Structure formats: C-alpha cells, structure tokens
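Enquirer: structure of the sequence below:
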Amino acid sequence: MMKRILAIAFLPLAVLLLLSAAHRTDKKPKVLIFSKTNGFRHSSIPIGIEAIKKLGEANGFDVDATEDSLAFNRKNLKKYSAIVFLSTTGKIFGPDQEKALQEYMHHGGGYVGIHAATDCEYDWPWYGKLSGGYFKSHPNQQEAKLIIVNKNHPSTSFLPDTWVRKDEWYNYKYLNPDVTVLIKIDESSYKGGENGSNHPMAWYHAYEGGRAFYTELGHTDESYSDPLYLKHVLGGIEYAIGKK
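Expert: Below is the predicted model of the structure:
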C-alpha cells in the first residue's frame, strides 16, 4: 500500500521532468552570421545581417552575428545549426579555427555562403571545396538573365524559370564539380562573363558529413529588400539547418 502511495506521489514529478526534457529538445535552431573581412568590404553587410535576423524572427530560428574568428571553436560552434558566411573576404582563419570548422561540418553542421564567401581562404583548398568555388573577377554591376536549372530545392522551388535582376556577377577560377547547381547565368545577357555556358550562380552539396549552400547573389544593398532574393536565402539557410 505504501509503495502505491509513494508511486502516486512521485507521478506528477515524473511528468514534469518528462515535459521539461521535451521542452529542452524543442529549442529553436540557432544560426551564426560570420562577416569578417580582410580584403574588400561590402557596404551591404550590415543590411544583410539585419535582413537575416528578420528572416529568423519570421521563420523560427535565432540569429547571432560576429566578426571574431575566435568564435570558431568546438564549444561555441556546437550551439549553431548553420553558419552564414556573409561576404567574407581574405584570410579569416588561423589553424585552430580551420580545425573547428572542419569538425563542425564533420558532425553534421550547415554552411551558407553569400556572395563574397568565395573570395576568402584561397590557400585552404578544403574551404574552396566547401564553398564550392573561388572568385576570379567581375565586370561592372548590370542586369542579367539567370536560368533556374533545378527547382527541387527550397531556395529555388518558387523562382521563375528565368529570373532577371541586377547584381555584381562573379567569374570563378575554381568550381567544385561535385556540387548540385541550382542557378546558372546566361552570359549572352550581359557583358564580362568568363565561365562560358556552364556558369553557375547558386548550388548546394553534402560535404564531409554536413550540408553546404552557396549563392553568388547579394552584392547590392537592394538585394536585402527584394522578397524573391530573401526567400532564396531563406531556403538556403533552411537547407543548411536541415529543416524539412
């Protein structure tokens, strides 16, 4: 009889503990924006940070932002479901930070590269494969025609087959052949293209245990008030997070 009374008495506590555990595992994903520059610095970076924070507020993920490469350590990176490299340039990591990013991806992390994320870490081939390419050059900003070649992705499923917009269009000196291309640019629609008929602008791939997405778009301030572009970026972030 006494055992039954004790079991009943402890039942509410057990229920509370279970509910508490369920609550802890139901936390919102957290995303880190990293925008360190040791080269050209894009004026659109602060606008981009605020735009991504608003995307997080509206779509169920928290956002932190930093330009401190020391944030790339095992303990800190464990907090984040995805890391957004927002127009990073130049040499941005030391050996310890490189190792931390590699371990993060090996444990299922998510990478999102925006615009100049391919204009950094040229001496670290692992990063070039992660981002999917290395920047070579660009012509003047101008309007061009983008061709959506894959709509089976949250970053492109809603886009028109042909998307005409103005931005700064990169040429690449290296492209990872193992990525899945989402968007190409029609070099006949603007002046200064140097990658020919196979000139990708956005792609994704599984990489060493994690997920990586890159979009070349996003040089201009106006990009971060463009609903189509923001939805494109959101889809890339959700893919990197692993959100279904």
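
Enquirer: and the residue lying closest to residue 102 once chain neighbours are set aside, what helix or strand is that in?
Expert: Of all residues not flanking residue 102 in the chain, residue 126 sits nearest, at 6.6 Å (CB to CB, 6 or more residues apart in numbering). The way it works is simple: take the backbone N, C-alpha and C, and place the C-beta from them, glycine included. With secondary structure defined by DSSP states H and E, residue 126 is part of helix 125-131.

Enquirer: for that helix, list every residue counted as buried.
Expert: Neighbour counts over helix 125-131 (16 or more other CB atoms under 10 Å) mark 127-131 as buried.

Enquirer: same question for stretch 185-192.
Expert: 185, 187, 189-190.

Enquirer: show me where the protein has helices.
Expert: Secondary structure of the chain (DSSP state H): helices at 2-24, 45-59, 74-77, 95-106, 125-131, 227-241.

Enquirer: looking at these, which has the lowest confidence?
Expert: Mean pLDDT is lowest for helix 2-24 among those, at a mean of 40.

Enquirer: so how far is stretch 146-162 off the chain centroid?
Expert: Centroid separation for stretch 146-162 versus its chain: 17 Å, with CA atoms, centre = their mean, to the nearest Å.

Enquirer: typed the wrong thing, it's stretch 35-52
Expert: 14 Å.

Enquirer: end to end, how far does stretch 82-98 reach?
Expert: 16 Å (CA to CA, to the nearest Å).

Enquirer: tell me which residues of that stretch come out buried.
Expert: So, applying 16+ other CB under 10 Å, buried residues of stretch 82-98: 82-89, 92-93, 97-98.

Enquirer: and which of these is nearest residue 179?
Expert: Ranked by distance to residue 179 (CB to CB), the buried residues of stretch 82-98 are led by residue 85 at 15.6 Å.

Enquirer: mind checking how far the closest one is from residue 181?
Expert: 19 Å (CB to CB, to the nearest Å).

Enquirer: go on, residue 169?
Expert: 15 Å.

Enquirer: which of these two has more neighbours?
Expert: Between residue 169 and residue 181, counted using other CB atoms under 10 Å, the more crowded position is residue 169 (27 against 17).

Enquirer: ok, that one - contacts?
Expert: By CB atoms under 8 Å, 6 or more residues apart in numbering, residue 169 lies in contact with 138-139, 142, 144, 185, 190, 192-193, 201, 216.

Enquirer: partners of the residue nearest the centre of the chain in the sheet?
Expert: The chain has residue 112 as the residue nearest its centroid, 1.5 Å off, counting by CA atoms, centre = their mean. Listed beta-bridge partners, residue 112: residue 84, residue 213 (assigned using DSSP bridges).

Enquirer: in this structure it contacts residue 236, no?
Expert: Yes: taking contacts as CB atoms under 8 Å, residue 112 lies within contact range of residue 236: 5.2 Å.

Enquirer: overlap in contacts of these two?
Expert: By CB under 8 Å, 6+ apart, the residues touching both residue 112 and residue 236 are 213-214.

Enquirer: end-to-end on stretch 127-135?
Expert: Note: stretch 127-135 ends 13 Å apart using CA to CA.

Enquirer: nope, stretch 99-112 is what I meant
Expert: Per CA to CA, stretch 99-112 runs 18 Å from first to last residue.

Enquirer: buried sites along that stretch?
Expert: Of all the residues in stretch 99-112, those buried under the rule 16+ other CB under 10 Å are 100-105, 109-112.
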